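J.: with the sequence up front, the predicted model follows.
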Amino acid sequence: MKQITKYILNIVVVFTAAMFFSCKDNYNEVQKIGISENEPIGEAENINLKFTDSGKITRHLIGKRMLDYSNRDFPYYEFPEGATLHIFDDNKKSTIVADYAVVYDATSIIDLQKNVVITTHDKRVLKSEQLYFDRKKQWIFTNVPVTFESSQDIIHGNGFDSNGDFTNAEVLEVNGIFAVED
């Protein structure tokens, strides 16, 4: 009987030790319970953000809905129902409108898609189905068809490259230029 008790005690010790050493720190996984990797970590509706610098409004972002995917390895914010951004510079207003947008914070790239229209303060208009804006470099670019309208002409092409204030704007692979009559 003493031998059986000792045998059972040895088995219990072995199982306890095995369980103790098999445990691992999975606190991060426990925190993610209930949050699917394919789901946003947050949602916002009727967005109306105003960015200021020295008391002046510099940008005004308006959107119907924003999905926050900052829980991903490559975090981003999605505007599935579009967004409008007004940019103010020395009392001059330019506007960017898109039916869909994704903001990648890690790279400072904004991907604008579907019916993208940029209207500058001096009434130049750029239209495309997709544009990228690099916030760090203040650079706008695309390789898809565009239409660029100024007071002098309308230019159709495949691609666009410009600095942020359109002082160095260029339509790439020009397909046609049409003069605008007064």
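T.: Yep, it's here.

J.: pLDDT weak spots in the protein?
T.: Residues of the chain meeting the criterion pLDDT under 70: 1-37, 182.

J.: where along it do the helices fall?
T.: Counting by DSSP state H, the chain has helices at residues 2-22, 27-31.

J.: residues contacting the most centrally placed residue in the chain?
T.: Closest to where the C-alpha atoms of the chain average out (C-alpha atoms, centre = their mean) is residue 103, at 1.2 Å. Residue 103 sits next to 76, 77, 78, 79, 109, 110, 111 when contact means C-beta atoms under 8 Å, 6 or more residues apart in numbering. Just so you know, the C-beta spots here come from the backbone N, C-alpha and C atoms, and that holds for glycine as well.

J.: by neighbours, which of the residues you listed wins?
T.: Counting neighbours by other C-beta atoms under 10 Å, residue 79 comes out on top of these with 24 neighbours.

J.: contacting residues for that residue?
T.: Neighbouring residues of residue 79 by C-beta under 8 Å, 6+ apart: 63, 64, 65, 66, 67, 98, 100, 101, 102, 103.

J.: what number of residues lie near the second one?
T.: So the one you mean is residue 64. Counted with other C-beta under 10 Å, the neighbours of residue 64 add up to 14.

J.: what sits closest to it if chain neighbours are left out?
T.: Counting by C-beta to C-beta, 6 or more residues apart in numbering, residue 64 lies nearest to residue 81, which is 4.1 Å off, once chain neighbours are set aside.

J.: got it, and residue 144?
T.: residue 130 (5.1 Å).

J.: thinking that neighbour is in contact with residue 145, fair?
T.: No. Between residue 130 and residue 145 there is no contact under C-beta atoms under 8 Å: 9.6 Å.

J.: just to revisit the earlier point, in strands, which of the contacts of residue 79 fall?
T.: The strands, defined by DSSP state E, take in 63, 64, 65, 66, 67, 98, 100, 101, 102, 103 from the contacts of residue 79.

J.: quick one, what contacts the closest residue to the fifth one other than its chain neighbours?
T.: In other words, residue 67. Counting by C-beta to C-beta, 6+ apart, the nearest residue to residue 67 once its immediate chain neighbours are dropped is residue 40, at 4.0 Å. Neighbour list for residue 40: 67, 68, 69, 71, 78 [criterion: C-beta under 8 Å, 6+ apart].
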